[in-house]
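>>> the sequence isn't on hand, but the structure is:
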């Protein structure tokens, strides 16, 4: 299972179809197996009759994340601002040399929590247009992205403020576990330290 | 002159070579005419002996901006965070339908001001690694990017905070003029309203 992708788009008209075991509980579901091409995006947008209605694109995937693709997903003709955050694997942690991070998630729960965050963003920033939260699972080598968040809005302040909120809340609330794999064949599983269930709290 | 690009990289070892009239005053200068390929990036990084020294990539260009390219420029093995802002042409302004924005700049002055902002960012956030500020000139159609700012840092807070400062200061200080071109063959030249020389202040 190295090429499947679970994608949630809250405003699309896709019927409920819990085809993949990990995705039970998703209110709408798309499965892609191809690359993140412009064609994907056009097909995705064409599925929706009203192209510029506010949308969320939530995805957990074992594939490499594409920043261009995700920024295009949220781009809107009525918006002048897109803010983005890319979380990448860093080559060190507490003096140890990290070679990979490995992410695991219980997908339905992670997806539910991310959807809650999207709703909270819309309640706090009424003019936010599209929100994309793509998280990679499995092994992520140094410099590659584990998470990309992108938000569009007519003006810049809402995009920037909601991005920070979305990211901080994702780190604190979404059950995605991270294993640091060190150069000398050691490893260590980590919760995000902000999580309420983190062991050091 | 639709395909030239002026690029400033403060930490590269390129000799002063004011080859292009608009770029007099740049302390180091590179001229590219190709597309923003991964190869460009590799060549650019290979030019610098110490690949992960903090760098600034400041560019004024008539070419389309590539978000992937710019995010790759600032990505660093020692950083876990990249923040990005993309300013795009919006299809409306005060009830009028906008079809294009047109940007003009006095390049040496714009470049000097952007370099000052980069220095200020480094003074305020000591752990910031790479900073890229790419601004498009000429006509920019609806949904395309006029400015992309990207900043990397080991942790997320510095990347997010410095991005907001960099963007706000760019809008307030850098002499880049914007012409809104409306559907009905009207147009209007605008300063950024935060600029001290803006007419309504």
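Received it, and whenever you're ready, just let me know what you need. No experiment lies behind these values; they were computed from the predicted model shown. Numbers count the residues shown, from 1 in each chain, chains lettered A, B, ... in the order given.
>>> use CA for all of it now, contacts and neighbours both
Fine.
>>> correct me if wrong: residue A:173 contacts residue A:113.
Yes - using Cα atoms under 8 Å, residue A:173 is in contact with residue A:113, at 6.9 Å.
>>> same for the helix or strand where residue A:116 lies, what does it pack against?
Assigned by DSSP states H and E, residue A:116 belongs to helix A:107-124. Under the contact definition 3 or more Cα pairs under 8 Å, 6 or more residues apart in numbering or on different chains; DSSP states H and E, helix A:107-124 sits against strand A:56-61, helix A:156-173.
>>> pick the most deeply packed of the ones you listed.
Counting by mean count of other Cα atoms under 10 Å in any protein chain shown, strand A:56-61 has the highest mean neighbour count of the helices and strands packed on helix A:107-124, with a mean of 23.
>>> and the next element down the chain from that one?
helix A:67-74.
>>> so how far does stretch A:58-66 reach from one end to the other?
Using Cα to Cα, to the nearest Å, one end of stretch A:58-66 lies 14 Å from the other.
>>> count the residues that sit near the closest residue to residue A:92 other than its chain neighbours.
In space, and not counting its chain neighbours, residue A:92 is closest to residue A:98: 4.9 Å by Cα to Cα, 6 or more residues apart in numbering or on different chains. A total of 23 residues lie near residue A:98 under the criterion other Cα atoms under 10 Å in any protein chain shown.
>>> average pLDDT across the helix or strand that contains residue A:98?
Per DSSP H and E: residue A:98 is located in strand A:96-105. Averaged over strand A:96-105, pLDDT sits at 94.
>>> so what does that strand touch, helix or strand wise?
In terms of contacts (3+ Cα pairs under 8 Å, 6+ apart), strand A:96-105 is packed against strand A:138-141, strand A:176-182.
>>> which one of the ones you listed lies nearest to residue A:127?
strand A:176-182 (28.9 Å; Cα to Cα).
>>> quick one: least confident helix or strand in chain A?
Every helix and strand in chain A was compared by mean pLDDT, DSSP states H and E; the lowest is strand A:30-32, with a mean of 32.
>>> how about low-confidence regions in chain A?
By pLDDT under 70, the low-scoring segments of chain A are A:1-51, A:185, A:191-193, A:195-201.
>>> what does it put close to chain B?
By Cα under 8 Å from any Cα of the partner chain, the residues of chain A that approach chain B are A:66-68, A:71, A:75-92, A:142-143, A:154, A:156, A:160, A:164.
>>> phi and psi next, for the closest residue to residue A:74 other than its chain neighbours.
Leaving aside its sequence neighbours, residue A:74 sits nearest to residue A:130 (Cα to Cα, 6+ apart; 5.0 Å). The phi and psi torsions at residue A:130 (degrees, to the nearest 10) take the values phi -110, psi 150.
>>> please tell me how far residue A:130 sits from chain B.
13 Å (Cα to the nearest Cα, to the nearest Å).
>>> so who does residue A:64 touch?
Counting by Cα atoms under 8 Å, 6 or more residues apart in numbering or on different chains, residue A:64 touches A:136, A:144-145.
>>> ok, 6 Å please
Neighbouring residues of residue A:64 by Cα atoms under 6 Å, 6 or more residues apart in numbering or on different chains: there are none.
>>> same check, this time on residue A:83
Residue A:83 makes contact with A:150-151, A:159-160, B:84-85 under the criterion Cα under 6 Å, 6+ apart.
>>> and residue A:53, how many neighbours?
Using other Cα under 10 Å, residue A:53 has 12 neighbouring residues.
>>> helix, strand or coil: sort out it for me.
Recorded secondary structure, residue A:53: coil (DSSP: H, G, I helix; E, B strand; the rest coil).
>>> from chain B, how far off is it?
Distance from residue A:53 to chain B, by Cα to the nearest Cα: 15 Å.
>>> equivalent analysis for residue A:119, please.
Taking Cα to the nearest Cα as the measure, residue A:119 falls 22 Å from chain B.
>>> show me what counts as buried in the strand holding residue A:98.
Neighbour counts using 16 or more other Cα atoms under 10 Å in any protein chain shown place A:98-103, A:105 of strand A:96-105 among the buried residues.
>>> same check on stretch A:134-153?
Within stretch A:134-153, the residues that qualify as buried are A:134-153, counting by 16+ other Cα under 10 Å.
>>> among these, which ones are in strands?
Within those, residues falling in strands by DSSP state E are A:134-136, A:138-141, A:145-153.
>>> and the nearest residue to residue A:144 once chain neighbours are set aside, how many neighbours?
Of all residues beyond its chain neighbours, the one nearest residue A:144 is residue A:88 (5.2 Å), with distances taken as Cα to Cα, 6+ apart. The number of residues packed near residue A:88 is 27, by other Cα under 10 Å.
>>> residue A:184 too?
There are 10 residues near residue A:184, going by other Cα under 10 Å.
>>> which helix or strand contains it?
Residue A:184 belongs to no helix or strand when assigned by DSSP H and E.
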